[in-house]
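[1] sequence and predicted structure below; questions after.
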Amino acid sequence: MKRTLMTLFLCLPLIFAAAARAQDKPAPAKTPDAKPAAALPSADQIIDKYVQAIGGKAAIEKLSSRQSKGTFDLPAMGVTAPFESYSKAPNKSMFIINIEGFGSVQRGYNGSMGWDANPQTGLRELSGGELAQIKLGSDFYRDAKLMQLFPKMTVKGIEKVSDRDAYVIEATSADGITEKMYFDTQTGLLVRTDTEADTPQGKVPATVLMSDYREVDGVKIPFTMMQKTPSFEFTIKLESVKHNVAVDETKFNKPAAQ
């Protein structure tokens, strides 16, 4: 169980990238390539519709911090645990999950350094691809800056996400991180992302599904996020989200070694 959990937590930063913006099962079936369609909107148009759908650039930029609380569920292992995360402009984030019988799992980024702490591997600093991914996911205004953060975007076509049509964009960040983003053709909301998580054991393909968008302080946030990899599946369900709360800067720093 501990080994499965460890692989899981190494992938958790992908959830934060989807939200602002981690059981052994068969690998999910490969999604067929998107079918090109005539007169597809441009990447700029799709992203602009998304920004407007979640509240608009002005509403996003009125916020400076976020505190989220909810539950972490790993059904295959019978695990349900409290989940708590903090983020602060311009680029700080951290989360904590306290799992009974396993311990506390934490991961954070303080604007320059990323770190991970858990009972299995102890405390360590992130580097390479792991650091690049948590840095990208920790940008507090990521949703309003997608075109800037991902200078290369290609619209690939339309695919189904559940029973909804979604525009598919293949995006590459300035650091070479690639993501495939799926935007609902009707609502404009981001409903899925595909990427590869960098871990000490290598790259792990991961899909994140976002749903149950709710408006909080003028900005829509997905309250349910499900992550799937070839080996496991877990869900984070938020119960409360608060903005512009006071968050001590030290919360994002690497904890002192125990």
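    Structure's in. What do you need? Residues are numbered from 1 along each chain as shown.

[2] ok, residues contacting stretch 174-186?
    17, 46, 49-50, 129, 132-133, 135-136, 149-151, 156, 158-159, 161, 164-173, 189-196 (C-beta atoms under 8 Å, 6 or more residues apart in numbering). (Glycine included, C-beta is placed from N, CA and C.)

[3] and these, which are buried?
    Neighbour-count burial (16 or more other C-beta atoms under 10 Å) is assigned, among those, to 17, 46, 49-50, 129, 132-133, 135-136, 149-150, 156, 158-159, 161, 166-171, 173, 189-196.

[4] just those: which are in helices?
    17, 46, 49-50, 129, 132-133, 135-136, 149 (DSSP state H).

[5] any idea which of the residues you listed is closest to T207?
    Closest approach to T207 among those (C-beta to C-beta): A17, at 12.6 Å.

[6] and the pLDDT at the closest one?
    The model reports A17 with a pLDDT of 47.

[7] do the one 5 residues further on as well
    Taken from the predicted model, the pLDDT recorded for A22 is 35.

[8] doesn't K251 belong to a strand?
    No. Counting by DSSP: H, G, I helix; E, B strand; the rest coil, K251 falls outside a strand, being helix.

[9] how about it, what does it touch?
    86, 94, 108.

[10] same thing but 6 Å
    Contacts for K251 (C-beta atoms under 6 Å, 6 or more residues apart in numbering) come out as Y86.

[11] with G108 instead?
    94, 115, 252.

[12] for it, which non-adjacent residue is closest in space?
    Computed as C-beta to C-beta, 6 or more residues apart in numbering, the closest residue to G108 that is not its neighbour in sequence is M94, at 3.2 Å.

[13] so the one you found bridges to which residues?
    Beta-bridge partners recorded for M94 (DSSP bridges): Y86, G108.

[14] isn't it right up against Y86?
    Yes. Using C-beta atoms under 6 Å, M94 is in contact with Y86, at 5.4 Å.

[15] neighbour count for the two, which is higher?
    M94 (23 against 19; other C-beta atoms under 10 Å).

[16] next one: the more buried one from S42, what distance?
    36 Å (C-beta to C-beta, to the nearest Å).

[17] ditto for D165
    D165 is 17 Å from S42, by C-beta to C-beta.

[18] got it, and D163?
    Distance of D163 to S42, given as C-beta to C-beta: 26 Å.

[19] between those two, who's got more neighbours?
    Counted by other C-beta under 10 Å, D163 and S42 do not tie: S42 has more neighbours, with 11 against 5.

[20] which residue is the nearest non-sequential neighbour of that one?
    S42 sits nearest to V155 (C-beta to C-beta, 6+ apart), 6.7 Å away.

[21] contact partners for that neighbour?
    Taking C-beta under 6 Å, 6+ apart, we find V155 in contact with 40, 43, 169.

[22] can you name the residues bridging to K237?
    Applying DSSP bridges, one finds that K237 bridges with T71, T224.

[23] now swap in P82 and tell me
    According to DSSP bridges, beta-bridge pairing links P82 with T71.

[24] follow-up on the earlier one: between the ones in helices among the buried ones among the contacts of stretch 174-186, which is nearest S240?
    Nearest to S240 out of those is A17 (C-beta to C-beta; 21.0 Å).

[25] what bridges to the closest residue to E196 other than its chain neighbours?
    Of all residues not flanking E196 in the chain, K203 sits nearest, at 4.3 Å (C-beta to C-beta, 6+ apart). K203 forms beta bridges with D198, as assigned by DSSP bridges.

[26] so how many other residues sit close to K203?
    Residues lying near K203 (other C-beta under 10 Å) number 11.

[27] try S231
    The number of residues packed near S231 is 17, by other C-beta under 10 Å.
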